[in-house]
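**Q** Next come a sequence and a model predicted from it.
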Amino acid sequence: MAPAGRLHVIAGCMSSGKTGELIRLLSRHAVTGHKMLIYKHAVDSRDGAKARSRLGTEMEAVVVADSSGIDGDDCRVIAIEEAQFFDEGLVDVVRTLLREGRLVYITGLAQDFRGEPFGVMPTLMSLADEISLLTAICQKCHGVGTRTQRIIDGEPAPWDSPLILVGGADYYEARCPDCHEVPGRPGA
């Protein structure tokens, strides 16, 4: 029987340093000789086949179209970038990797631009052995940023905007709960 796997989820808003923290944690495994593999979803085309932090640190990644492309090969350490883009099948894939005794790291946005739970992230966070919940600096008041503000033509994106719009600082900024705005929010 394989030793129990471990799941570490790194969650937070845009610009909170999720990928940088992932790369830092993975670099610790370099001294162990463990084989590592990073997967990222094809919808995230910003950096090709690389996981790249905003500070410029990067590692090679395997780009997949959906969770069925994640098999872990013969790697002890598996990382999955931007898990919110993946389908519900990711939960079963992660459970399988854990049963096989893998060390699994996952990054993702805990909430979408509306401030709602994003995709499979809540489920993955509930399965985690460890969670790193990162914050950023609110780009409006400079307080603690925990929300992702989508910006369209210089204004907060309305509630009915498409859920997924891949981009960086050109479309998103970190905001605190007080400065986070979602025009047209039902019940607001």
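**A** Nice, thanks for sending it over. The shown structure was predicted, so the numbers you read here are calculated from the model rather than taken from an experiment.
**Q** Pretty sure Glu21 sits in a strand.
**A** No: the assignment for Glu21 by DSSP: H, G, I helix; E, B strand; the rest coil gives helix, which leaves it out of any strand.
**Q** Excluding sequence neighbours, find me the nearest residue to it.
**A** Excluding the flanking residues, the one nearest Glu21 by CB to CB, 6 or more residues apart in numbering is Ile10, at 5.2 Å. All C-beta spots, glycine's among them, are computed from the backbone N, C-alpha and C.
**Q** Gly89 contacts Ala65, doesn't it?
**A** No: judged on CB atoms under 8 Å, Gly89 makes no contact with Ala65 at a distance of 11.6 Å.
**Q** just checking, what packs against the helix or strand hosting the residue nearest to Glu21?
**A** Element membership for Ile10, per DSSP states H and E: strand 6-12. For strand 6-12, the packing partners by 3 or more CB pairs under 8 Å, 6 or more residues apart in numbering; DSSP states H and E come out as helix 18-29, helix 89-99, strand 103-109, helix 121-127, strand 130-134.
**Q** and those, which is most packed in?
**A** strand 103-109 (a mean of 25; mean count of other CB atoms under 10 Å).
**Q** starting at the chain centroid, how far to that strand?
**A** Relative to the centre of its chain, strand 103-109 is centred 6 Å away, using CA atoms, centre = their mean, to the nearest Å.
**Q** That strand pairs with which strands, parallel or anti?
**A** strand 6-12 (parallel), strand 77-81 (parallel) (DSSP bridges).
**Q** Compare these and report which one is nearest to Val144.
**A** Closest approach to Val144 among the strands paired with strand 103-109 (CB to CB): strand 6-12, 11.0 Å.
**Q** how about that closest one: buried residues?
**A** 7-12 (16 or more other CB atoms under 10 Å).
**Q** can I get the residues you listed in TSV with distance to Pro177 and pLDDT?
**A** Listed next are the buried residues of strand 6-12 as TSV, based on distance: CB to CB, whole Å; pLDDT from 0 to 100:
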residue	distance to Pro177	pLDDT
Leu7	27	98
His8	26	98
Val9	21	98
Ile10	21	98
Ala11	16	98
Gly12	14	97
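**Q** Among the residues you listed, which one lies nearest to Ser126?
**A** Using CB to CB, the buried residues of strand 6-12 come closest to Ser126 at Val9, 9.4 Å.
**Q** List the contacts of Tyr39.
**A** 61-64, 69-70, 78-81 (CB atoms under 8 Å, 6 or more residues apart in numbering).
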